[in-house]
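Trainee: quick one: sequence plus predicted model below, questions after.
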Amino acid sequence: MDVIKKNVKDAVEFAPFFEDADLLEQSVCYGVISKQGTPIGVGVLTVEEDDDPMAALDYLLVLPDYRDYGIATAIVDEMLSDLKAKDIGILMTTFPDIDDYTDFKEFLKYRGFSFVDN
């Protein structure tokens with residue numbers, strides 16, 4: 001599965017996924033397009049390369065009909081590969097305190113992520 005990587009401002013094919021999100025200019029979009037040419041999954045990563053380099057997983061979404069096919073895994077694997085190449089070991093994301101994010105939390109837990117309360 002090919003993951004397309006573009007600066008978020010250039011990722012027009014994926015813009016409907018995150019048009020209401022407040023993303024930074026340096027954010028990078030990772031996306032997957034179906035064989036029919038339809039965008040089916042997208043993730044957005046923002047890297048802060050200052051004194052304490054870290055990254056934020058700002059967004060991750062796969063359309064319901066395409067879930068459980070490894071699309072989110074492919075997107076996150078590509079992100080992690082890029083972070084490893086930059087020697088960035090901290091990936092942060094936040095969750096609203098609602099049950100809608102249970103599946104996403106389980107996905108991240110299964111991938112080996114740990115959670116820290118702030």
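Mentor: Arrived safely. Residues are numbered from 1 along each chain as shown.

Trainee: count residues in the vicinity of A15, would you?
Mentor: A15: 14 surrounding residues under other Cβ atoms under 10 Å. To be clear about C-beta, it is placed using only N, CA and C from the backbone, and glycine gets the same treatment.

Trainee: and the helix or strand of the chain with the lowest mean pLDDT, how far out from the chain's middle?
Mentor: Least confident element among the helices and strands of the chain, by mean pLDDT, DSSP states H and E: helix 15-18 (a mean of 80). Remark: helix 15-18 is offset 13 Å from the chain centroid, using Cα atoms, centre = their mean, to the nearest Å.

Trainee: check which helices and strands that helix is in contact with.
Mentor: strand 39-48, strand 54-62 (3 or more Cβ pairs under 8 Å, 6 or more residues apart in numbering; DSSP states H and E).

Trainee: against which helices or strands is the shortest one packed?
Mentor: Contact analysis of strand 54-62 by 3+ Cβ pairs under 8 Å, 6+ apart lists helix 15-18, strand 39-48, helix 71-85, strand 91-92 as its packing neighbours.
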